[in-house]
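Chemist: have a look at this prediction, sequence included:
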Amino acid sequence: MSKFTINSFQEYKSKRKISMLTAYDYSMAKIIDEAGIDVILVGDSLGMVVLGYESTLKVTMEDMIHHTKAVSRGVKNALIVSDMPFLSYHISVEEAIRNAGRLVQEGGAHAVKLEGGEDIIPKIKGIQSAQIPVIGHLGLTPQSINKLGGFKVQGKDDVDAKRIIKDALLIEEAGVSAIVLEAIPDKLAELITQKLTIPTIGIGASAACDGQVLVSNDMLGMFSDFTPKFVKKFTNLKPLIDQGVKSFISEINSGDFPAKEHTFKIDNEIIKKLY
């Protein structure tokens, strides 16, 4: 299995599709990596699927570093991209560089992802000046849900669609290695993909994108609070986990678990000395 690097994004543009999934811990990262995923995203979506928040806005740098560290210990071949959380890159270029550097130096990320377009170009350039690759994110940007009025499809009218196209071209020029397009109409995603020389990674965008990303907890059927329209459950682990837990409880109560093969022995002569 070959290692996916930041250069692989450009190498695979228009040649083969790029696969990306989220992971937030060592065990899941190891499984996904060994299955052959190209890119693992340590997403600030952990705020909802791991920490139980209603949005990503409460996720901190310490949260992201903690989970990126765990993921990096389980990965050998995939590229690790870590989300920069809300307010970690908005205040100044210097703070954006410092926080991106922490995700790489302390967390073990290979690249960072930022939400936004023209407004964050100075931050993109600053982070790259520290030799840290940047992935862009346009369309539905969850850190902006208060401004957007909720989790809504973006780019449905000509003004908004033109803005997203403009932002995509500008952040490409600023040097991002790829752009995640979230919850935009399929034809708009297809047009942006054609216009860019870097790959687009779709999530609720279009099969015409150069790759796709999903939250692993969604596509594995482990998160049931809500399911976005763009999610396909490739398996459904929730009922399997539910049944496993119920069997565990049942066997404890029946005395079937633990059985002899799950326990350790001691010489009876030693036990006699203990009474």
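Modeler: Looks like it arrived, so ask away. Here the structure is a predicted model, which is why all the values come from computation and not from measurement.

Chemist: just give the closest residue to Leu188, not the sequence neighbours.
Modeler: Distances taken as Cβ to Cβ, 6 or more residues apart in numbering put Gly155 closest to Leu188, at 4.8 Å, once the chain neighbours are dropped. Heads up, the C-betas are built off the backbone N, CA and C, glycines and all.

Chemist: which ones are touching the one you found?
Modeler: Counting by Cβ atoms under 8 Å, 6 or more residues apart in numbering, Gly155 touches Gly139, Ala161, Arg163, Ile164, Ile184, Pro185, Leu188.

Chemist: please enumerate the helices of the stretch 151-275 of the chain.
Modeler: In the stretch 151-275 of the chain, helices defined by DSSP state H, counting those that start in this stretch lie at 158-174, 186-195, 216-219, 237-254, 268-274, listed in chain order.

Chemist: repeat that for the stretch 1-150 of the chain.
Modeler: Applying DSSP H, counting those that start in this stretch to the stretch 1-150 of the chain gives helices spanning 6-12, 26-35, 46-49, 61-73, 93-105, 121-129, 145-148.

Chemist: got the CA positions of the first one in CSV?
Modeler: Taking C-alpha atoms only, helix 6-12 is exported to CSV below (Å, rounded to 0.1, in the frame of the first residue of the first chain):
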residue,chain,number,x,y,z
ILE,A,6,0.2,16.2,-0.1
ASN,A,7,1.7,15.8,-3.6
SER,A,8,-0.7,13.0,-4.3
PHE,A,9,-3.6,15.4,-4.5
GLN,A,10,-2.3,17.0,-7.6
GLU,A,11,-1.0,13.7,-9.0
TYR,A,12,-4.5,12.1,-8.8
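
Chemist: tell me what that helix is packed against?
Modeler: In this structure, helix 6-12 packs against strand 18-22, with contacts taken as 3 or more Cβ pairs under 8 Å, 6 or more residues apart in numbering; DSSP states H and E.

Chemist: most tightly surrounded among the helices of the stretch 151-275 of the chain?
Modeler: Of all the helices of the stretch 151-275 of the chain, helix 216-219 has the most neighbours on average by mean count of other Cβ atoms under 10 Å, namely a mean of 22.

Chemist: avg pLDDT for that helix?
Modeler: For helix 216-219, the mean pLDDT works out to 96.

Chemist: other residues contacting it?
Modeler: Contacts to helix 216-219, defined as Cβ under 8 Å, 6+ apart, come from residues 21-23, 28, 32, 49, 222-223, 227-228, 231-235.
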